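Trainee: Got a predicted model here, sequence first, then my questions.
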Amino acid sequence: MKSQSQDAIVNKHSIFEVNQPLKVKQKTFYLLCLICILSLSLVICFLLPLCSFYTNSNDLILSL
């Protein structure tokens, strides 16, 4: 009986070790996705006002 329970414990550990890297990879994948989305949103937020500023300044230069 003792050997069977030890085998079960070993099997649980091996299953846990196999599943753990997958969870870690999923977490890193989600983190990368979040970082990409945040960086894109920041770029858009910074570029839109800059583009509008440049078009306004060009209009001013043309009007002068």
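Mentor: Arrived safely, thanks for sending. Residues are numbered from 1 along each chain as shown.
Trainee: Low-confidence ranges, the protein, go.
Mentor: Counting by pLDDT under 70, the chain shows low-confidence ranges at 1-21, 54-55, 57-64.
Trainee: mind running it again at 50?
Mentor: 1-2 (pLDDT under 50).
Trainee: For the protein, which segments count as helices?
Mentor: With DSSP state H as the criterion, the chain has helices at 2-63.
Trainee: Kindly export stretch 48-57 (C-alpha atoms) in PDB.
Mentor: The C-alpha trace of stretch 48-57 is given here as PDB (Å, rounded to 0.1, in the frame of the first residue of the first chain):
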ATOM      1  CA  LEU A  48      -2.600  61.700 -33.200                       C
ATOM      2  CA  PRO A  49      -2.000  65.000 -31.400                       C
ATOM      3  CA  LEU A  50       1.300  65.300 -33.100                       C
ATOM      4  CA  CYS A  51      -0.200  64.700 -36.500                       C
ATOM      5  CA  SER A  52      -3.000  67.200 -35.800                       C
ATOM      6  CA  PHE A  53      -0.400  69.700 -34.500                       C
ATOM      7  CA  TYR A  54       1.700  69.400 -37.700                       C
ATOM      8  CA  THR A  55      -1.200  69.700 -40.000                       C
ATOM      9  CA  ASN A  56      -2.300  72.800 -38.100                       C
ATOM     10  CA  SER A  57       1.200  74.300 -38.200                       C
END
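Trainee: what's around Ser41, how many residues?
Mentor: 10 (other CB atoms under 10 Å). Yep, even glycine has a C-beta here, placed from its N, CA and C like the rest.
Trainee: Distance check, it against Leu22.
Mentor: 29 Å (CB to CB, to the nearest Å).
Trainee: cool, Val43 as well?
Mentor: Val43 sits 31 Å away from Leu22, taking CB to CB as the criterion.
Trainee: same question, Ser39
Mentor: 26 Å.
Trainee: ok, now Ile37?
Mentor: 23 Å.
Trainee: Likewise for Phe53?
Mentor: 47 Å.
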